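1. Fold the following.
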Amino acid sequence: MPTNSIPIAQAYAGHQFGHFTMLGDGRAVLLGEQISPDGKRLDIQLKGSGRTAYSRGGDGKAALGPMLREYIISEAMYNLDIPTTRSLAVVTTGEKIARQGRPAGAVLTRVASSYIRVGTFQYAAAFGTEDELRMLAEYTIQRHFPHIASESNRFLLLIREVAKKQARLIAKWQLVGFIHGVMNTDNMSISGETIDYGPCAFMDRFNENTVFSFIDRYGRYSYGNQPAIAGWNLERFAETLLPLIEEEKEKASQLIQEEIKAFIKEYKNHWLAGMRAKLGLFDEEAEDQQLIRQLLTIMEKYKADFTNSFRALTINEFKGEKLFTTEEFASWHSKWRARLDKEHQTKEERAKLMQKANPALIPRNHRVEEALKAAEAGNLSLLNRLLEVLKTPYKHQQVEEEYTKLPPPNSPPYRTFCGT
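-> Below you'll find the predicted structure:
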């Protein structure tokens with residue numbers, strides 16, 4: 001434990017599947033802050049270390065499998081260049097915990113720019129005073145957005161800055177097929193990092209309605225809904241700041257709605273720029289959105305793998321997908337080639353752009369499960385190999401092909417659980 005640190009469990013509230021409730025760190029403990037060698041301030045947190053004031057009848061402990069899952073996925077996200085909390089270590093506790101099957105207990109150590117959440121502001125707004133809410137907002141600005149600290153409208157600008165970070169983050173999720181699984185407001189970080197890896201997974205075959213979480217029975221947090229949910233969460237965040245923005249509530253609400261509209265536009269711009277890069281397009285043309293949508297439509301129609309389809313375009317090898325044998329794809333491919341011919345960059349420049357935008361490797365769900373099952377039985381070799389492979393997701397040459405393959409056709413639908 002860091003010298004002079006005072007470990008705490010943080011209180012927060014949040015909308016879980018749309019319903020507001022009081023929450024808090026039920027199995028997490030913040031050890032303190034650390035300044036990294038490059039000058040960044042980080043929060044160090046333990047997850048699964050035992051009961052806290054917010055455990056709500058639970059034991060506050062964690063099983064080995066879910067902690068290793070967070071380690072794998074958070075490191076994969078980091079290597080995919082997606083803002084994320086990071087895992088430092090997973091350590092077994094030597095005990096069996098009270099879960100189905102009595103799994104081994106474990107503690108995860110992880111770091112983040114901070115663990116301030118939308119739910120942190122919801123807690124302050126619902127249960128604190130206006131002065132306490134202001135203190136939280138001022139602290140957040142000083143820590144994450146010091147460039148707006150002296151602005152008279154800094155609390156409105158705080159919404160704008162958070163929205164910018166979230167727009168970029170969610171676009172990056174969508175561009176690699178990542179599905180968070182539990183986009184509750186308490187799982188949305190103010191710093192714009194991916195946080196709280198529970199029933200998360202990566203999409204194989206492209207489908208806007210893809211859901212992996214066992215508890216998301218109505219698809220609230222499906223792949224296609226993630227941008228809209230991010231906007232909804234931002235509205236809840238903005239609502240907490242109403243008293244600080246403008247005394248006249250109606251005018252404050254109008255200002256907030258303008259910021260939410262700006263978020264939607266910002267997200268679309270990030271997503272469209274990312275999709276252009278995935279197709280090797282440097283310039284902007286009015287036809288691009290239709291070209292992108294046509295490709296996604298036929299990918300969904302023929303159940304094409306999201307990652308491998310874009311990899312095929314990147315390396316110009318069209319095999320392994322029914323999609324590539326269809327007239328629809330042939331027609332689309334001709335339009336794409338004609339669109340590429342309008343640009344002035346070289347083939348080499350285009351190839352570099354696509355290689356940086358299209359991962360050859362993602363943490364395939366069946367590979368993750370395979371590694372976790374072996375690790376829970378005491379064999380870490382598959383886990384270590386998977387982590388090594390995921391260090392270079394954009395390396396298209398000499399890629400380990402077995403990690404690009406989908407699960408066997410007869411595999412049951414993939415389902416994930418939060419691990420609590």
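
2. now stretch 163-182, how far from the chain's geometric center?
-> Centroid displacement of stretch 163-182 relative to its chain, using C-alpha atoms, centre = their mean, to the nearest Å, is 5 Å.

3. So which other helices or strands are in contact with the single longest helix found in the chain?
-> As assigned by DSSP state H, the longest helix anywhere in the chain is helix 249-278. Using 3 or more C-beta pairs under 8 Å, 6 or more residues apart in numbering; DSSP states H and E as the contact criterion, the elements in contact with helix 249-278 are helix 154-176, helix 226-240, helix 242-245, helix 288-301, helix 347-357. In this view, the C-beta of every residue, glycine as well, is placed from N, C-alpha and C.

4. Ser334 is nearest to which of the ones you listed?
-> helix 288-301 (11.2 Å; C-beta to C-beta).

5. helices and strands around the closest one, which ones?
-> helix 249-278, helix 327-340.

6. Can you tell me what sits against that helix?
-> Residues outside helix 288-301 that contact it (C-beta atoms under 8 Å, 6 or more residues apart in numbering): 206-208, 272, 275-276, 279, 281, 304, 306, 309, 323, 326, 328-329, 332, 335-336, 339.

7. Now do the longest helix of the chain against helix 347-357, angle only.
-> 130 degrees (axes from the mean of the first three to the mean of the last three C-alpha atoms, to 10 degrees).

8. Pro359 should be in a helix, yeah?
-> No: using DSSP: H, G, I helix; E, B strand; the rest coil, the secondary structure at Pro359 is coil, not a helix.

9. about what we covered before: pick the most buried one from the helices and strands packed on helix 288-301.
-> For the helices and strands packed on helix 288-301, the largest average neighbour count (mean count of other C-beta atoms under 10 Å) is found in helix 249-278, namely a mean of 16.

10. What mean pLDDT does that one get?
-> For helix 249-278, mean pLDDT is 93.

11. just stretch 391-404 next, same as before
-> Computed over stretch 391-404, the average pLDDT equals 91.

12. Check what pLDDT Val90 gets.
-> For Val90, the model assigns a pLDDT of 97.

13. Point out where this structure drops to low pLDDT.
-> 1-2, 419-420 (pLDDT under 70).

14. run the last query once more with 80
-> 1-5, 246-249, 417-420 (pLDDT under 80).

15. Can you spell out which helices and strands pack onto the longest strand seen in the chain?
-> The single longest strand within the chain, with elements called by DSSP state E, is strand 86-96. Here strand 86-96 touches helix 64-79, strand 104-112, going by 3+ C-beta pairs under 8 Å, 6+ apart.

16. Counting by contacts, list what the longest one packs against.
-> Yep, that's helix 64-79 we're talking about. strand 86-96, strand 104-112, helix 365-376, helix 381-389.

17. Glu287 touches Arg339, doesn't it?
-> Yes: at 6.8 Å, Glu287 counts as touching Arg339 under the criterion of C-beta atoms under 8 Å.

18. Might one say that Ile72 is in contact with Leu386?
-> Yes: counting by C-beta under 8 Å, Ile72 does reach Leu386; the two are 6.7 Å apart.

19. any common contacting residues for these two?
-> Common neighbours of Ile72 and Leu386, counting by C-beta under 8 Å, 6+ apart, are Pro363, Val368, Ala371.

20. what number of residues lie near Arg117?
-> Residues contacting Arg117 under the criterion other C-beta atoms under 10 Å number 26.

21. Look up phi and psi at Arg51.
-> With angles defined as degrees, to the nearest 10, Arg51 sits at phi -60, psi 150.

22. can you pull the contacts of it?
-> Arg27, Gly58, Asp59, Gly60.

23. Please name the bridge partners of the spatially most central residue of the chain.
-> When C-alpha atoms, centre = their mean is applied to the chain, the residue found nearest the centroid is Thr194 (4.2 Å). With DSSP bridges applied, Thr194 shows beta-bridge pairing to Thr84.

24. What's the separation between Asp25 and Glu402?
-> From Asp25 over to Glu402 the distance is 39 Å, taken as C-beta to C-beta, to the nearest Å.

25. Who has more neighbours out of these two?
-> Applying other C-beta under 10 Å to Asp25 and Glu402 shows that Asp25 carries more neighbours, namely 22 against 9.

26. need the contact list for the closest residue to the more buried one other than its chain neighbours.
-> Closest residue to Asp25 apart from its sequence neighbours, by C-beta to C-beta, 6 or more residues apart in numbering: Ala9 at 4.0 Å. By C-beta under 8 Å, 6+ apart, Ala9 lies in contact with Gly24, Asp25, Gly26, Ala28, Val29, Leu30, Thr52, Ala53, Tyr54.

27. what about 10 Å?
-> Contact analysis of Ala9 by C-beta atoms under 10 Å, 6 or more residues apart in numbering lists 24-30, 45, 49, 51-55, 60.

28. give me the number of residues near the nearest residue to Pro243 once chain neighbours are set aside?
-> Setting aside the residues directly before and after it, Pro243 is nearest to Glu130 in space (C-beta to C-beta, 6+ apart), at 5.3 Å. Neighbour count of Glu130, defined by other C-beta under 10 Å: 11.

29. and Glu130, backbone torsions?
-> Dihedral angles for Glu130 - degrees, to the nearest 10 - are phi -60, psi -40.

30. That one contacts Glu247, doesn't it?
-> No: contact criterion C-beta atoms under 10 Å: Glu130 and Glu247 do not qualify, at 11.6 Å.

31. coming back round to it: output the helices and strands packed on helix 288-301 in CSV, with distance to Gln100 appended to each entry.
-> Below are these laid out as CSV (distance: least, C-beta to C-beta, whole Å):
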stretch, distance to Gln100
helix 249-278, 38
helix 327-340, 44
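
32. Any idea which of those helices gets closest to Lys395?
-> Closest among the helices and strands packed on helix 288-301, using C-beta to C-beta: helix 249-278, at 16.7 Å.

33. and the closest one with helix 288-301, angle?
-> 70 degrees.

34. Helix 249-278: how far from the chain's middle?
-> 18 Å.

35. One more: stretch 214-227?
-> 14 Å.
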